[in-house]
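[1] could you work out the structure for the sequence below:
(2 chains)
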Number of protein chains: 2
Amino acid sequence: MTDAQPSPIDFYFDFSSPHGYFAAMAIDEAARGWGRAVRWRPMMLGAAMRESGNRPLLEQPLKGEYAKRDWARFAGFMKLPWRLPEPFPIAALAPARAFYWLDDRSASLAKDFARAAFTAYFGEGRDISKGEVVAELGAALGIERERLLEAIADAALKERLKRETAAAIARGVFGSPMFFVDGEPFWGADRLWLMKRWIQSGGW
Amino acid sequence: MTDAQPSPIDFYFDFSSPHGYFAAMAIDEAARGWGRAVRWRPMMLGAAMRESGNRPLLEQPLKGEYAKRDWARFAGFMKLPWRLPEPFPIAALAPARAFYWLDDRSASLAKDFARAAFTAYFGEGRDISKGEVVAELGAALGIERERLLEAIADAALKERLKRETAAAIARGVFGSPMFFVDGEPFWGADRLWLMKRWIQSGGW
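    Next comes the predicted model:
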């Protein structure tokens, strides 16, 4: 046996996902209690849905109505601000690209940005698919507006997000949030209790 | 204020649903701890899927692979016997009709039958869509084979299951298991912890 650190939990999400928001606001604190770091990986859920044949929840009869109620209830349970934003869902390219640009500089700054983006979208209804909104969120964290706007328009960042999304799908990601703990996948913000037991018992 | 009993929890499920199995093995004991009775309502999930546009999990790329792993893991967590039966899924008409016939006689006998049917299918791989298997399961509970076989072939029972399924869909049931607590819907065998908090806090 060695004293090697346990692997970080990989956290995949789309910025347009309500349960991605709930997970983002809880996972780092929860994982700290389990002795784990968390590696955040935003991706484009639409690409995964094309792969799995799924459709956005609100387009699904019955399930869409349930989802609206479930989101509001879950936000209430977590005491998080909540509204169903307009438009919803969005193609959240801008915040995902901004995330990776920041992540290459500081993982914790990128997480602060991600939490701010989720809160802006689902708490305040601001359209985070817009570059200017992303730039404002970055500015509030001390990031120069123009540099962030240039980064999210940069071809290399666009390619990076495509690559990260393809890597997520190759790993089996079909929903948001999805977590991997030592290779074991967990889907959903409501599975943290199961992840906790899995980690603490070393599987079963 | 009166001392009226709280309403029972309505539990909708399909006999072909792995998470219906997990829920069936846990819900009555859990609900007893919350001071609630449980009213079981088997239904035909295929009809709800046609309504919501969903497909059986194993037909969905990525999500199907996750589901297989999730079922085995959940069964291990609950210490329940598990196998992916062959054939799967099935049109579980025979056990659902048998359930309603028994339920009109004794709700607890019907639940015993349902738990036995789930265990036969997911624990032992027996094809419970077959009348003779249903009759054997009934016989083990002291129910006359011929009477049960007649009942599941009876036009009135067939109509009854259609009616129960339509009523479930009208109420918004799109998956298995789904629970209603005082009108509040909860989807999934992994949401018992959330139902518990909802009941104990009177909503939030």
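[2] how about low-confidence regions in chain A?
    Scanning chain A for pLDDT under 70 picks out the ranges A:1-3.
[3] residues of it that sit close to chain B?
    A:48, A:51-55, A:60-63, A:65-66, A:69-70, A:73, A:76-77, A:169, A:172-175, A:184-185, A:187-188, A:190-191, A:193-194, A:197-198, A:204 (C-beta under 8 Å from any C-beta of the partner chain). The C-beta positions use only the backbone N, C-alpha and C, and glycine is treated the same way.
[4] distance between stretch A:174-193 and the chain's centre?
    Taking the mean of its C-alpha atoms, stretch A:174-193 sits 11 Å from the chain's own mean (C-alpha atoms, centre = their mean, to the nearest Å).
[5] what does stretch A:130-145 give?
    Using C-alpha atoms, centre = their mean, the mean C-alpha position of stretch A:130-145 is found 18 Å from that of the whole chain.
[6] just stretch A:64-73 next, same as before
    Averaging C-alpha coordinates over stretch A:64-73 and over its chain gives two centres that are 19 Å apart (C-alpha atoms, centre = their mean).
[7] now swap in stretch A:150-169 and tell me
    A distance of 15 Å separates the C-alpha centroid of stretch A:150-169 from that of its chain, computed with C-alpha atoms, centre = their mean.
[8] cool, and stretch A:66-84?
    When C-alpha coordinates are averaged (C-alpha atoms, centre = their mean), stretch A:66-84 and its chain have centres 16 Å apart.
[9] what's the answer for stretch A:32-41, then?
    Averaged over its C-alpha atoms, stretch A:32-41 has a centre that lies 14 Å from its chain's centre (C-alpha atoms, centre = their mean).
[10] contacts for that stretch?
    Under the criterion C-beta atoms under 8 Å, 6 or more residues apart in numbering or on different chains, residues A:5-13, A:24, A:27-28, A:31, A:99, A:103, A:107, A:110-111, A:114, A:164, A:168, A:181, A:195-196, A:199-200 lie in contact with stretch A:32-41.
[11] and that stretch, what's buried?
    A:36, A:38, A:40-41 (16 or more other C-beta atoms under 10 Å in any protein chain shown).
[12] try stretch A:73-86
    Neighbour counts over stretch A:73-86 (16+ other C-beta under 10 Å) mark A:73-75, A:77, A:80, A:82, A:85 as buried.
[13] burial check on the closest residue to residue A:83 other than its chain neighbours, number of neighbours?
    Of all residues beyond its chain neighbours, the one nearest residue A:83 is residue A:125 (5.2 Å), with distances taken as C-beta to C-beta, 6 or more residues apart in numbering or on different chains. Neighbours of residue A:125 under the rule other C-beta atoms under 10 Å in any protein chain shown: 14.
[14] quick one: contacts for the closest residue to residue A:153 other than its chain neighbours?
    Nearest residue to residue A:153, sequence neighbours excluded (C-beta to C-beta, 6+ apart): residue A:131, at 7.4 Å. Each residue near residue A:131 by C-beta under 8 Å, 6+ apart is listed here: A:94, A:149, A:152-153.
[15] filter those down to the buried ones.
    With neighbours counted using 16+ other C-beta under 10 Å, those contain these buried positions: A:94, A:149, A:152.
[16] and the contacts of the host helix or strand of the second one?
    Using DSSP states H and E, the secondary-structure element containing residue A:149 is helix A:145-152. Identification of contacts with helix A:145-152 by C-beta under 8 Å, 6+ apart yields A:93-94, A:97-98, A:101, A:131-132, A:134-136, A:138-139, A:157.
[17] switch to 7 Å and redo it
    The set of residues that contact helix A:145-152 without belonging to it, under C-beta atoms under 7 Å, 6 or more residues apart in numbering or on different chains, is A:94, A:97-98, A:101, A:131, A:134-135, A:138-139, A:157.
[18] ditto for stretch A:14-30
    For stretch A:14-30, contacts defined as C-beta under 7 Å, 6+ apart pick out A:11, A:13, A:38, A:42-45, A:71, A:74, A:78, A:80, A:89-90, A:92, A:95-96, A:111, A:114-115, A:117-118, A:121-122, A:128, A:176-177, A:188-189, A:192.
[19] and the helices in chain A?
    A:18-24, A:27-33, A:45-52, A:63-78, A:93-103, A:107-118, A:131-140, A:145-152, A:155-171, A:192-201 (DSSP state H).
[20] deepest of these, which one?
    Each of the helices of chain A was scored by mean neighbour count; the highest is helix A:18-24, a mean of 26, by mean count of other C-beta atoms under 10 Å in any protein chain shown.
[21] can you pull the contacts of residue A:204?
    Taking C-beta under 7 Å, 6+ apart as the definition of contact, the neighbours of residue A:204 are B:76-77.
[22] one more time with 6 Å
    For residue A:204, the residues meeting the contact criterion (C-beta atoms under 6 Å, 6 or more residues apart in numbering or on different chains) are residue B:76.
[23] returning to what we had before: distance of the residue nearest to residue A:153 from residue A:13?
    Computed as C-beta to C-beta, to the nearest Å, the residue A:131 to residue A:13 distance reads 20 Å.
[24] returning to what we had before: would you list the buried residues of stretch A:32-41 in a markdown table and tack on distance to residue A:143?
    Conversion of the buried residues of stretch A:32-41 to a markdown table gives the following (distance: C-beta to C-beta, whole Å):
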| residue | distance to residue A:143 |
| --- | --- |
| A:36 | 28 |
| A:38 | 22 |
| A:40 | 17 |
| A:41 | 20 |
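[25] now residue A:177: closest residue in space that isn't a chain neighbour?
    Closest residue to residue A:177 in three dimensions, ignoring its sequence neighbours and counting by C-beta to C-beta, 6+ apart: residue A:23, at 3.9 Å.
[26] from residue A:78, how far out is the one you found?
    The separation that residue A:23 has from residue A:78, given C-beta to C-beta, amounts to 10 Å.
[27] just the ones in strands from the buried residues of stretch A:32-41, please.
    Secondary structure from DSSP state E places A:38, A:40-41 of those in strands.
[28] now those in a markdown table, with distance to residue B:143?
    Conversion of those to a markdown table gives the following (distance: C-beta to C-beta, whole Å):
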| residue | distance to residue B:143 |
| --- | --- |
| A:38 | 53 |
| A:40 | 56 |
| A:41 | 54 |
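[29] of these, closest to chain B?
    Looking at these and their distance to chain B, the nearest is residue A:41, at 15.8 Å (C-beta to the nearest C-beta).
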